[in-house]
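Undergrad: Any chance you could fold what I've pasted below:
(one chain, ligands or ions: 1)
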Amino acid sequence: MTFDPPDWSAFAAQAHAMLDDILGHLAALPSRPAWQPVPSEVRQALNEPLPRQPQGLAAAHADFQRLILPYTNGNIHPRFWAWVQGAGDPHAMLATMLAAGLNPMLAGFHQSPALVEAQVLRWLAQLMGFPDSSSGLLCSSGTAANLIGLAVARHAKAGYDLREEGLSRRPPFVVYCSTETHGWARKAVEFLGIGHRHLRRIPADDHFRLQPHLLRKAILQDRAEGHHPVAVIATAGTVNTGAIDPLPAIAGLCAEERLWFHVDGAFGALARWSPALAPLVEGLERADSLAFDLHKWGSLPFSCACLLTRHPELHRSAFALTPPYMTPTQRGILAGGVPFADLGIDLTRPFTALQAWLCFKTHGLAAYAASIEQNVRQVRRFEALLRRTPGFEILAPSPLNVLCFRFAPPSLSDLDALNHELLLRLQESGRAVVSSTLIHGRFALRLAHVNHRSTDSDFDELLQALQDIAKDLP
Ligand SMILES: Cc1ncc(COP(=O)(O)O)c(C=O)c1O
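TA: Presented below is the predicted three-dimensional model:
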């Protein structure tokens, strides 16, 4: 028994047809709905019994075309601007296929794929203004990259052998972030045994940015109470509004207080790739650790995130392990050791680096800057359109690519319910997709733009759709 095809040329014909189909789908995206609900017959069909007998690749692909392809959440569509979900890149799709074809195991080893990952990490460190000596790791998500960063921080600042002793010692560690920090931080402190009680959420200012003077006060108070401050999490591009914390001030405070400075730059850090936008995120290059996602503003397929630290030794000593079956050798396949397994939790890792390597080489970095600048310009343009449109109001400052707004006709009072209905009707219309959040307790429509496929006329269509739907609201 083998999983290889009995007839490679018949397999190749089927494979080419599958490639043609998905490329055809991508080329026709603008004429398709941005999203449509999964019909009940499709739900039923996707609940079929275990396929004990072979159905064949052609039949499985036909099911894919019918049951799966039309019913995704829409993030590759030019009029999708919800939840900071990247739009993907057909070039990276090819890289994914090549990587799966080679199927190398990326713990490390003496192999070119490991050199590719190391090179991509050097490129990313350079793009983020980190020193050449930095260490880094490609991770499965922004959440995972941030978690690894915080794990290194905890290890670095514990003051004792945390790996050996665990968290049995007191006083409790404390981590600081703002009220706008993404939910990953709570998961991370829970997961790392620090505990949610010890995540201090410093109130944000009117522009949803962490306030350094309140941060300093909280650190001093914790020290006075015998707690053990460990790390500050700053965000470059908050999930709700795209706010950028005052990174230079927080960097300075962390240096004074000898705390680990971690930056969550999930999407916002990539603004640094644009010379025009880089000043907005100045200071992230001073982070002890920085997490960001290439599957958001970098448009790589899910999933590819990155963690960089400027402390390679601390990073390594937080995770490295050398079991007898992985002891590096002088020659042979293990001559390279398993450097990537030594920097995180995964031993077996995919060749995700190929996506970045192939796309960076194909497009060149200037294209990424241009796409990011285009997105920010389009959000500014849409904001200006909304400000000129009677009945709509902007709910939060928008320094980057996230815009929070609502429909607020003067005659109506329950604006939360109204906008909730507007959101759902917009999504169900298939004309465009945005998501929602709460701004100062008010329900807001939230547009988060990392989509390289959107044109100005896509935003005109969004405004038209919002106006058409708003007209018919009860
Ligand atoms: C600011 C911020 N941090 C972290 C995350 C989590 O990233 P991921 O969804 O890749 O885990 C997100 C997701 O949108 C985010 O916007």
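
Undergrad: tell me, how many neighbours does residue 56 end up with?
TA: Other residues near residue 56 come to 9 when the count uses other C-beta atoms under 10 Å. C-betas here are computed from N, CA, C, even on glycine.

Undergrad: So what would you say the end-to-end distance of stretch 261-275 is?
TA: End-to-end span of stretch 261-275 (C-alpha to C-alpha, to the nearest Å): 24 Å.

Undergrad: Is any residue of that stretch near the ligand?
TA: Yes: using C-beta under 6 Å from any ligand atom, we find that stretch 261-275 touches the ligand at 264, 266-267.

Undergrad: Make a markdown table out of the residues you listed and add secondary structure.
TA: Putting those into a markdown table (DSSP: H, G, I helix; E, B strand; the rest coil) gives the following:
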| residue | secondary structure |
| --- | --- |
| 264 | strand |
| 266 | coil |
| 267 | coil |
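
Undergrad: and of those residues, the nearest to the ligand?
TA: The ligand lies nearest to residue 266 out of the residues of stretch 261-275 next to the ligand, by C-beta to the nearest ligand atom, at 3.3 Å.

Undergrad: So the closest one is in contact with residue 293, correct?
TA: Yes: using C-beta atoms under 8 Å, residue 266 makes contact with residue 293 at a distance of 5.1 Å.

Undergrad: so what's in contact with the two at the same time?
TA: 142, 305 (C-beta atoms under 8 Å, 6 or more residues apart in numbering).

Undergrad: returning to what we had before: sort out which of the residues of stretch 261-275 next to the ligand are buried, if you could.
TA: The neighbour-count test (16 or more other C-beta atoms under 10 Å) marks 264, 266-267 as buried among these.

Undergrad: Whatever residue of the chain ends up closest to the ligand: neighbouring residues, count only.
TA: Closest residue of the chain to the ligand, C-beta to the nearest ligand atom: residue 142 (2.5 Å). For residue 142, the neighbour count with other C-beta under 10 Å is 26.

Undergrad: which residues sit in contact with it?
TA: By C-beta under 8 Å, 6+ apart, the residues touching residue 142 are 182, 184, 264, 266, 291-293, 296, 305.

Undergrad: Reformat those as TSV; add pLDDT.
TA: Listed next are the contacts of residue 142 as TSV, based on pLDDT from 0 to 100:
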residue	pLDDT
182	98
184	98
264	99
266	98
291	99
292	99
293	98
296	98
305	98
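
Undergrad: Domain ranges for this protein, per the record?
TA: According to automatic domain parsing, the chain comprises the domains 97-363, 366-472.

Undergrad: Out of those, which is the most enclosed?
TA: Compared across the domains of the chain, domain 97-363 shows the largest average neighbour count, a mean of 20 (mean count of other C-beta atoms under 10 Å).

Undergrad: so does stretch 307-319 get close to the ligand?
TA: No: counting by C-beta under 6 Å from any ligand atom, the ligand is not contacted by stretch 307-319; separation bottoms out at 11.7 Å.

Undergrad: excluding its backbone neighbours, what's nearest residue 341?
TA: residue 107 (3.9 Å; C-beta to C-beta, 6 or more residues apart in numbering).

Undergrad: so the one you found sits right up against residue 345, yeah?
TA: No: Residue 107 lies out of contact with residue 345 (C-beta under 8 Å); the separation is 11.7 Å.

Undergrad: Now render the domains of the chain as a markdown table, adding distance to residue 18.
TA: Below are the domains of the chain laid out as a markdown table (distance: least, C-beta to C-beta, whole Å):
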| stretch | distance to residue 18 |
| --- | --- |
| domain 97-363 | 10 |
| domain 366-472 | 22 |
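
Undergrad: ok, back up a step: gap between the residue of the chain closest to the ligand and residue 297?
TA: According to C-beta to C-beta, to the nearest Å, residue 142 and residue 297 sit 11 Å apart.

Undergrad: what does residue 47 give?
TA: Distance from residue 47 to residue 297, counting by C-beta to C-beta: 36 Å.

Undergrad: Equivalent analysis for residue 399, please.
TA: From residue 399 to residue 297 the distance is 15 Å (C-beta to C-beta).

Undergrad: Then residue 440?
TA: In terms of C-beta to C-beta, residue 440 sits 27 Å off from residue 297.

Undergrad: can you check residue 96 too?
TA: Separation of residue 96 from residue 297 (C-beta to C-beta): 19 Å.
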